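> sequence first, then the predicted structure, then my questions.
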Amino acid sequence: MTSEPQSPPAPRTRVLIMTGDLIRARMAGPAIRVWNMATVLSAHCDVRIVSWSRIERTSEDFELHFVHERDDAAMGAHEEWADVIIVQGTAFRVFPSIARTDKVVVADLYDPFHLEQLEQNKHADPTEWEEEVAKAVSLLNEQLLRADCVLCASERQRDLWFGALSALGRINPLTYTADPTFESIVRIVPFGLPAEAPTQTRHALKGTVPGIAADDKVLIWGGGIYEWFDPVTLVRAMKLVVAERPETKLFFLSARHFNPDVPEMKVLGDTLEVSDELELTDRHVFFNDSWVDYEDRVNFLLDADAGVSTHPIHLETRFSFRTRILDYLWARLPIIATDGDSFADIVRAHRLGAVVPPEDPRALADAILAVLYDDEVRARAIAGLERVRVDFAWEQALQPLVDFCTTPRRAADRGATGARPGSGQEAFGRILEMPKGPRRDLSLFLYYLRSGGWSRVRAKLEDRRERLSRR
């Protein structure tokens, strides 16, 4: 008896993930996201990370390659290998082979960085401020026009990118017919957190940092100090807190960025100045001048009693996704957050701590005292954290990306030729903007002839005659 021949397994999709971030022990948000994308995708696809910054880590699950910036010949070999290319930031500008690729493209837009530029450069020269925002918008539009799939971090961001795609002509009859919900094109893929429970290997804060005792209550600020945050109000609130509870300490995990290309921001100087004026520095408020290694952050988090994130209310706030707050979920730290962003909605809905109005030191101080010292508030928050954290595990968060990469497809308006989406709509729109007259009529005639032949020209002429006859 002979067995039936087994069909060969389907080939695995080859996924190229691009980043301009450093891949090393100390990583910022984009690199952390890329690393975890590669880890999860590698169970289903063949994966390469390519960075045009340094790479100092290795993995048994996927390949890592460094390509010098502007070395398009080297990047071309990776582009040729790939079936799907996931881009961040300036990838299209740095490597022409990626900009003109015919492969399936995923634009990772979990960070609406044009809104960050409104805050980051607001203290710069007005011309420079305008230029930086315009550059960011141009980079985003280039990706939105080209992408077969767009990744965002929340429902709010999905609405943001729907608006942008609509303005660029990507919401059109072809894409609408393919998917009237557009959920297959704009996919929610938030930042994630490790599925495994955190384990502490040393005390990084309590009894270790001079001024923080083993039995103190520690509030941790888990990321960097950037212009779109409001650490100044937090420091002012700490002055009120320590008047009642002097054993309370605030620790800023990363005051300065490890990457020298990231400029120091004015808000850091303002925060240090206020802390010094209130005589809190190194007594109740502590600034870590170095960037904590990614794998070592757990020892800081598990030495804390609550996590905090404060910000003013502006447009960046509405569409932000505070990635380091996820570390609070992972470490089961009750959370104190300013209202106005998507995480405040989560904290409020699941009672994970406290949500406070912006720029209100007294309200913030009261929230800190409640979250750190009220046993009922803490127990309720920790129970909520146990429920919510599962939804943000990396494997769960990245599932929509896994689904796309295992069965990739072009956007309906890109077609088999890989032509840039929206180009026909743009041409038609430019004609309609022309003043009425012979030149506009000729342009419309040529457009209809190219897009539908003589039959469409005759149909349009008949439509015009009917409209004129009804007047």
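Cool, the structure landed.
> which residues touch A214?
203, 206-207 (CB atoms under 8 Å, 6 or more residues apart in numbering). For the C-beta atoms, the positions are set from N, CA and C on the backbone; glycine is no exception.
> 6 Å - rerun?
206-207 (CB atoms under 6 Å, 6 or more residues apart in numbering).
> one more: D327?
D327 neighbours (CB under 6 Å, 6+ apart): 222, 301.
> now do the same for it: helix, strand or coil?
Following DSSP: H, G, I helix; E, B strand; the rest coil, we place D327 in the helix state.
> could you check the pLDDT of it?
D327 is assigned a pLDDT of 89 by the prediction.
> what about it, distance to P190?
According to CB to CB, to the nearest Å, D327 and P190 sit 14 Å apart.
> cool, L302 as well?
Counting by CB to CB - L302 and P190 are separated by 23 Å.
> and for P408?
P408 is 21 Å from P190, by CB to CB.
> with neighbour numbers in mind, choose between these two.
P190 (23 against 18; other CB atoms under 10 Å).
> give me the nearest residue to that one, chain neighbours excluded.
Excluding the flanking residues, the one nearest P190 by CB to CB, 6 or more residues apart in numbering is A153, at 4.5 Å.
> cool, and M434?
In space, M434 comes closest to R440 once its chain neighbours are excluded; the distance is 4.2 Å by CB to CB, 6+ apart.
> check the secondary structure at the one you found for me.
With three-state DSSP as the basis, R440 sits in helix.
> now do the contacts for E131.
So E131 contacts nothing (CB under 6 Å, 6+ apart).
> now do the buried residues in the helix or strand hosting it.
Secondary structure assignment for E131, by DSSP states H and E: helix 126-146. For helix 126-146, a neighbour-count test (16 or more other CB atoms under 10 Å) marks 129, 132-133, 136, 139-140, 142-146 as buried.
> what is the neighbour count of the residue lying closest to L41 once chain neighbours are set aside?
Excluding the flanking residues, the one nearest L41 by CB to CB, 6+ apart is V47, at 5.0 Å. The local packing of V47 (other CB under 10 Å) involves 27 other residues.
> ok, residues contacting the helix or strand encompassing V47?
Secondary structure assignment for V47, by DSSP H and E: strand 46-51. With contact meaning CB under 6 Å, 6+ apart, strand 46-51 is reached by 12, 14-19, 23, 34, 38, 41, 62-65, 67, 78.
> likewise for stretch 12-27?
Contacts of stretch 12-27 (CB under 6 Å, 6+ apart): 28, 30-31, 34, 37-38, 41, 45-57, 78, 81-89, 91, 258, 291, 293-294, 405.
> rewinding a little: following the helix holding E131, which helix or strand comes up?
With DSSP H and E, the next secondary element past helix 126-146 is strand 149-152.
> so in terms of bridging, what pairs with R187?
Beta-bridge pairing of R187 under DSSP bridges involves L151.
> ok, it to L109 distance?
For R187 relative to L109 (CB to CB), the value is 11 Å.
> stretch 462-471 - what's its average pLDDT?
Mean predicted lDDT for stretch 462-471 stands at 68.
> stretch 59-71 now?
Stretch 59-71 comes out at a mean pLDDT of 93.
> that one: how far from the chain's middle?
Centroid displacement of stretch 59-71 relative to its chain, using CA atoms, centre = their mean, to the nearest Å, is 21 Å.
> so the residue nearest to L41 versus V34, what's the distance?
For V47, the distance to V34 - CB to CB - is 10 Å.
> so what's the backbone phi/psi at the nearest residue in space to R283 that is not next to it in sequence?
Excluding its sequence neighbours, the residue lying closest to R283 (CB to CB, 6+ apart) is G211, at 6.1 Å. The phi/psi pair for G211 (degrees, to the nearest 10) reads phi 100, psi -10.
> equivalent analysis for V15, please.
Phi and psi for V15, reported as degrees, to the nearest 10, are phi -110, psi 120.
> beta-bridge partners for it, please?
Beta-bridge pairing of V15 under DSSP bridges involves V47, V84.
> separation between it and A393?
V15 sits 20 Å away from A393, going by CB to CB.
> neighbour-wise, which of these two wins?
V15 (29 against 18).
> and the gap between the more buried one and D179?
As defined by CB to CB, V15 lies at a distance of 22 Å from D179.
> show the contacting residues for F66.
Listed by CB under 6 Å, 6+ apart, the contact set of F66 reads I55.
> mind running it again at 10 Å?
Neighbouring residues of F66 by CB atoms under 10 Å, 6 or more residues apart in numbering: 23, 49-56, 74.
> quickly list what it is bridged to.
For F66, the beta-bridge partners are S51 (DSSP bridges).
> and the strands in the stretch 151-300 of the chain?
Along the stretch 151-300 of the chain, counting by DSSP state E, counting those that start in this stretch, strands occupy 186-188, 217-221, 248-252, 285-287.
> how about CSV for these, with distance to A363 and mean pLDDT added?
Output for these, formatted as CSV (distance: least, CB to CB, whole Å; pLDDT from 0 to 100):
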stretch, distance to A363, mean pLDDT
strand 186-188, 31, 96
strand 217-221, 15, 96
strand 248-252, 16, 96
strand 285-287, 19, 95
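> report all helices and strands that the strand or helix carrying I346 contacts.
Using DSSP H and E, I346 sits in helix 342-350. Helices and strands touching helix 342-350, by 3 or more CB pairs under 10 Å, 6 or more residues apart in numbering; DSSP states H and E, are helix 155-167, strand 306-309, helix 315-319, helix 325-330, strand 335-338, strand 353-356, helix 375-388.
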